[in-house]
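Peer 1: let me see the structure of the following:
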Amino acid sequence: MFDLNRTLQLVKGALFDAEATWKAYLPEADNWQKTAFLLTGPLIITSAILAYLIGLLGSDAAIFGQFRPTITSTLVTIVMGAVAAGVVAFIFSALAGAFGGKNSFALGLAATTLAFVPGYLGQALAQLPWIGALVGLGLAIYGLVLLWRIIPLYLEVPDGKRTGHYILSLVATIAVMVVLSILLRPVVGPDMSGFGGVSSSGSAAGGAGGLFGGAMRQAELITAAEEDRYESPADGKLDNDQVEAFIRVMNRAEEVMLEKTERMRELAERADRDEQLSMREMSEMMSGATEVMGMNTIEIEIVKSGGGNWAEHQWVKESLRTAYLQKDINDAVKHNYELFMEHEDELKSFVTR
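Peer 2: All right, here's what the predicted structure looks like:
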């Protein structure tokens, strides 16, 4: 399946004429083995080898604050690159299905590989002295931008759900890769992660499955919340029941978040002391991270599990925020500001920040 000319053509197109290249490759993208041999594999291997060769050029790696790559580290990079490519493709495609798009590993692999072509180049150029790190970072960010653009074409995630899918997929990917780096620590060495070891109780599949199950649950929550509709009153005025319901949700969400954060802190401290963590505990820590890192699904879950309407909850929040900022620009805002002031002690931490 390997075709050097075709690989070079795709790489060049992905760098300089991305969208045309994506569309041209789409009819071939349903065969993951073809993508792996034609594009993913060559990119991973070439990037690692180039990084190794560029790293050898420095007269003294310590001068530039870099570590000169070795043959062993290069081989580890290739293996971990292959694992990462599979994990990213699997998560983005599986969560695309949960968000109403296509759940296709083959399309996910093609999409993520084509989008990350600049990132693979950046991985190699990062070994350049002085400017390498900045160049690598810039190309990695560009790859993430391209990934955002290619997902609707390959995985057909609906426009209204793209943001939730994209952020949750990135967070879940980071969490899974942390778990895998810890599991592979005995093989690749202790410097792969700052976390402690994982006890033999529980399998890797079980831990990753628990984590991914948590991500899928969050995807389902976000999808359900996005389907909620609420027609606000014509006069734009809140009522006291809505404000009290909002306060109850926000207070409970804060309590749950603090509980999860504290639990994650305890587990992280144990890991830093090189204590053994079970797969269940690792899964708990990483799935908690997907909630703490900005997705706010705890708030959604409290609203939905209580029979509430997420769209109404959001309207109440925005109305209170507007009232806090504007006070009396019209009758509705003035009325809502009076409600805000009645509950100021409870609302200010949720509305003013």
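
Peer 1: state the distance from L153 to L146.
Peer 2: Distance of L153 to L146, computed by Cβ to Cβ, to the nearest Å: 11 Å. Quick note: C-beta positions are derived from backbone N, CA and C, even for glycine.

Peer 1: higher neighbour count, these two?
Peer 2: Each of L153 and L146 has its neighbours counted (other Cβ atoms under 10 Å); L146 has more, 23 against 16.

Peer 1: excluding chain neighbours, what is closest to that one?
Peer 2: Sequence neighbours aside, A115 is the residue nearest to L146 in space, at 4.1 Å (criterion: Cβ to Cβ, 6 or more residues apart in numbering).

Peer 1: all helices for the stretch 1-150 of the chain, in order.
Peer 2: Listed in chain order, the helices of the stretch 1-150 of the chain (DSSP state H, counting those that start in this stretch) span 4-16, 18-25, 32-35, 41-57, 71-98, 105-115, 117-125, 132-154.

Peer 1: how about those helices in TSV, adding mean pLDDT and distance to S169?
Peer 2: Converted to TSV, those look like this (pLDDT from 0 to 100; distance: least, Cβ to Cβ, whole Å):
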stretch	mean pLDDT	distance to S169
helix 4-16	91	20
helix 18-25	93	18
helix 32-35	94	18
helix 41-57	87	20
helix 71-98	88	5
helix 105-115	95	10
helix 117-125	88	16
helix 132-154	87	9
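
Peer 1: format those helices as JSON lines; extra columns: distance to L221.
Peer 2: Listed next are the helices of the stretch 1-150 of the chain as JSON lines, based on distance: least, Cβ to Cβ, whole Å:
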{"stretch": "helix 4-16", "distance to L221": "34"}
{"stretch": "helix 18-25", "distance to L221": "31"}
{"stretch": "helix 32-35", "distance to L221": "29"}
{"stretch": "helix 41-57", "distance to L221": "34"}
{"stretch": "helix 71-98", "distance to L221": "10"}
{"stretch": "helix 105-115", "distance to L221": "22"}
{"stretch": "helix 117-125", "distance to L221": "30"}
{"stretch": "helix 132-154", "distance to L221": "20"}
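
Peer 1: hang on, the earlier thing: what residues are up against the residue nearest to L146?
Peer 2: Each residue near A115 by Cβ atoms under 8 Å, 6 or more residues apart in numbering is listed here: 14, 143-144, 146-147, 149-150.

Peer 1: are any of these buried, and if so which?
Peer 2: With neighbours counted by 16 or more other Cβ atoms under 10 Å, those contain buried members at 14, 143, 146-147, 150.

Peer 1: identify, from the contacts of A115, the entry nearest to R263.
Peer 2: Distance to R263 across the contacts of A115 (Cβ to Cβ) is lowest for L144, with 29.8 Å.

Peer 1: L155 versus that closest one, what's the distance?
Peer 2: 15 Å.

Peer 1: is it true that A332 touches S232?
Peer 2: No: applying Cβ atoms under 8 Å, one finds A332 not in contact with S232, separated by 9.9 Å.

Peer 1: these two: which has the busier surroundings?
Peer 2: Legend: neighbour count by other Cβ under 10 Å for A332 and S232, higher for A332 (18 against 15).

Peer 1: just confirm R229 is within a helix.
Peer 2: No: applying DSSP: H, G, I helix; E, B strand; the rest coil, one finds R229 to be coil, outside a helix.

Peer 1: quick check: closest non-adjacent residue to it.
Peer 2: Nearest residue to R229 in three dimensions, chain neighbours excluded: A311, at 5.6 Å (Cβ to Cβ, 6+ apart).

Peer 1: that neighbour: how many residues sit nearby?
Peer 2: Counted with other Cβ under 10 Å, A311 comes out at 17.

Peer 1: what helix or strand does it sit in?
Peer 2: helix 310-326 (DSSP states H and E).

Peer 1: what's the single longest helix in the chain?
Peer 2: Across the chain, the helix with the greatest residue count (assigned by DSSP state H) is helix 240-272.

Peer 1: what's the end-to-end length of stretch 53-71?
Peer 2: One end of stretch 53-71 to the other measures 10 Å (Cα to Cα, to the nearest Å).

Peer 1: can you tell me which residues contact the closest residue in space to E19 that isn't next to it in sequence?
Peer 2: Nearest non-adjacent residue to E19, counting by Cβ to Cβ, 6+ apart: R149, 7.4 Å away. Contact partners of R149, counting by Cβ under 8 Å, 6+ apart, are 18-19, 115.

Peer 1: wait, which of the residues you listed is closest to I167?
Peer 2: Comparing the contacts of R149 against I167 with Cβ to Cβ picks out A115 as the nearest, at 15.7 Å.

Peer 1: gap between the closest one and L50?
Peer 2: Between A115 and L50 the computed distance is 19 Å (Cβ to Cβ).

Peer 1: what comes up buried for stretch 326-340?
Peer 2: Using 16+ other Cβ under 10 Å as the test for burial, stretch 326-340 gives 332-333, 335-337, 339-340.

Peer 1: swap in stretch 21-31?
Peer 2: 21-22, 25-26, 29.

Peer 1: make a markdown table out of the residues you listed and add distance to L128.
Peer 2: Converted to a markdown table, the buried residues of stretch 21-31 look like this (distance: Cβ to Cβ, whole Å):
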| residue | distance to L128 |
| --- | --- |
| T21 | 26 |
| W22 | 28 |
| Y25 | 30 |
| L26 | 34 |
| A29 | 32 |
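
Peer 1: which pair of those spans the longest distance?
Peer 2: Top of the distance list for the buried residues of stretch 21-31 (Cβ to Cβ): T21 and A29, 11.4 Å.
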